[in-house]
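K.L.:
need a 3D model of the following:
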Amino acid sequence: MTTLIPSSTYLLLSAIAALVLFPQTSLALEPVAGAFTASKSCPALLSTKKKTNPGNIMLERGRSYETLGLNRVGGDKLLIKIPNAPKSSQRWVALACGQLTGTAAKSATPKPSSEKPKATSKSLESKNNVLALNWQSSFCEDLPHINECRQLNKGRLKQAARELTLHGLWPQPRANEYCGISQSLKVQDTPSNWRRLPDPKLTRRTERALEAAMPGYQSHLHKHEWLKHGSCYKAGGGAEEYFDDSLYLLDEINSSRVGRFFRDNVGHKVSANDIRAAFDAAFGKGAGKRVEIKCARDGQRKLITEIWVRLYGTISRDTPIADLIQAARPARKSCNGGILDRAGLQ
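P.N.:
Got it, this is the predicted structure:
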């Protein structure tokens, strides 16, 4: 004999099943099948309402994830599966942080609407920026006592001795600093106090990359850069995206003909025109005019200390750095040339 289940009981059982399968989702989950490939480093949240992220899990650019569902038909949040994530492998991410493939792409297509779209985190992200890069050997002539300079001068930072290193990524105009930072925290932002500043929320992968690309990490420079400049970058992925974008730009320059020019001329005197010509060769005619060269005196010598690269546009691995440079306004030279100092006190 077949026992009929009342409709109210059936709905209750369905709801319980949904909670078991998707403990952190709403019951309005729109199931999708396919894959999601991350194009940005964004947080993977356990709960979108509470903004909880156990383990500080971030999307890895270029990695594909299994999709589970959207927050609604044509929604803007996607539930994906991240194996071994603490608490739950099911995490919510912003749909704008990547691309869907397969059936998922069709499910995510939004319905036409006459409503004015709301501003997204991407639309708020700083588009007018300066990428500040150090020539570490010159910097260390003036501060040989700090830890990273002692390491450099002992020959332990071989990469920093022959390549440009990261100082910071600065939203413009220059007065655009300390966004949303309390006055009490701003007054603590001095070099002698950097170690006491709050740690930016970063994955271990990004921390390791910063340790190699930013020698000043040993002196907690990254904390200062995030507080003063990163707070105004307004990337949806927070500090992780800010530094990930900075590292991407640095890698693009060091792996280009600009990086080769610097490696080939360590210890030699070069002109600002030579440096700008290297940028033209790497990123197109006119790119060099968007580069400002900074110098400092060391006794009778003039040393090249920094390169400031102007950028305009949304920074993404999908946007060539050449396009970002070409779209920016021209920069002054500041310095006509100097020596690319060798590591060690001269």
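
K.L.:
how about Leu143: what's its closest non-neighbour residue?
P.N.:
Leaving aside its sequence neighbours, Leu143 sits nearest to Cys149 (CB to CB, 6 or more residues apart in numbering; 5.5 Å). The way it works is simple: take the backbone N, C-alpha and C, and place the C-beta from them, glycine included.

K.L.:
now the helix or strand hosting the one you found: average pLDDT?
P.N.:
Per DSSP states H and E, Cys149 falls inside helix 147-153. If you average the pLDDT over helix 147-153, you get 94.

K.L.:
parallel or antiparallel, list what pairs with the helix or strand just after it.
P.N.:
Sequence-wise, the next helix or strand downstream of helix 147-153 (DSSP H and E) is strand 165-171. Under the criterion DSSP bridges, strand 165-171 sits next to strand 128-134 (antiparallel) in its sheet.

K.L.:
could you give me the buried positions within the lengthiest strand in the chain?
P.N.:
For the chain, the strand with the greatest residue count under DSSP state E is strand 301-312. Applying a neighbour-count criterion of 16 or more other CB atoms under 10 Å, one finds 302-312 buried in strand 301-312.

K.L.:
quick one, it and strand 165-171 angle?
P.N.:
40 degrees (axes from the mean of the first three to the mean of the last three CA atoms, to 10 degrees).

K.L.:
and strand 301-312, how far out from the chain middle?
P.N.:
Taking CA atoms, centre = their mean, to the nearest Å, the mean C-alpha location of strand 301-312 is offset from the chain mean by 21 Å.

K.L.:
which strands and helices lie in contact with whatever helix or strand comes next after that strand?
P.N.:
Where DSSP H and E defines the elements, the next helix or strand beyond strand 301-312 is helix 321-326. Helix 321-326 is packed against helix 238-254, helix 272-283, strand 301-312, with contacts defined by 3 or more CB pairs under 8 Å, 6 or more residues apart in numbering; DSSP states H and E.

K.L.:
output the last one as CSV, restricted to C-alpha atoms.
P.N.:
Coordinates of the C-alpha atoms in strand 301-312 are reproduced here as CSV (Å, rounded to 0.1, in the frame of the first residue of the first chain):
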residue,chain,number,x,y,z
ARG,A,301,77.8,60.4,-7.9
LYS,A,302,74.2,60.8,-9.1
LEU,A,303,72.2,57.6,-8.7
ILE,A,304,68.9,56.5,-10.3
THR,A,305,66.7,55.6,-7.3
GLU,A,306,63.2,55.1,-8.6
ILE,A,307,61.0,54.8,-11.7
TRP,A,308,57.4,56.1,-11.6
VAL,A,309,55.2,54.7,-14.3
ARG,A,310,51.9,56.4,-15.0
LEU,A,311,48.9,54.2,-15.7
TYR,A,312,45.3,54.8,-16.6
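
K.L.:
what is that strand packed up against?
P.N.:
Strand 301-312 packs on strand 128-134, helix 136-142, helix 238-254, helix 272-283, strand 291-298, helix 321-326, strand 337-339, going by 3+ CB pairs under 8 Å, 6+ apart.

K.L.:
now do the first one
P.N.:
Under the contact definition 3+ CB pairs under 8 Å, 6+ apart, helix 238-254 sits against strand 128-134, strand 165-171, helix 204-213, helix 221-228, strand 301-312, helix 321-326.

K.L.:
residue contacts, the residue nearest to Leu143?
P.N.:
Taking CB atoms under 8 Å, 6 or more residues apart in numbering as the criterion, Cys149 is in contact with 136, 139-140, 143, 215.

K.L.:
out of these, which comes closest to Arg174?
P.N.:
Nearest to Arg174 out of those is Phe139 (CB to CB; 20.2 Å).

K.L.:
my guess is that closest one meets Thr305, correct?
P.N.:
Yes. Phe139 lies in contact with Thr305 (CB atoms under 8 Å); the separation is 6.0 Å.

K.L.:
Arg150 reaches Leu143, doesn't it?
P.N.:
No. Arg150 is beyond contact range of Leu143, at 9.9 Å (criterion: CB under 8 Å).

K.L.:
neighbour count: those two, which is higher?
P.N.:
The neighbour comparison of Arg150 against Leu143 (other CB atoms under 10 Å) goes to Arg150, with 15 against 12.

K.L.:
and the more buried one, how far from Ser246?
P.N.:
Using CB to CB, to the nearest Å, one gets 25 Å for the distance from Arg150 to Ser246.

K.L.:
not counting its neighbours along the chain, what's nearest Glu66?
P.N.:
Lys81 (4.3 Å).

K.L.:
who does the one you found bridge with?
P.N.:
Beta-bridge pairing for Lys81 (DSSP bridges): Glu66, Gln90.

K.L.:
which residues are in contact with it?
P.N.:
Applying CB under 8 Å, 6+ apart, the residues contacting Lys81 are 65-68, 89-91.

K.L.:
is His166 in a bridge, and if so with what?
P.N.:
Residue 166: Leu, not His. Bridge pairing for Leu166 - DSSP bridges - gives Leu133.

K.L.:
hang on, isn't Leu185 packed against Leu227?
P.N.:
Yes. Using CB under 8 Å, Leu185 is in contact with Leu227, at 7.0 Å.

K.L.:
who's more crowded, those two?
P.N.:
Between Leu185 and Leu227, Leu227 has the larger neighbour count (other CB under 10 Å), namely 22 against 12.

K.L.:
fine, thanks again, bye for now.
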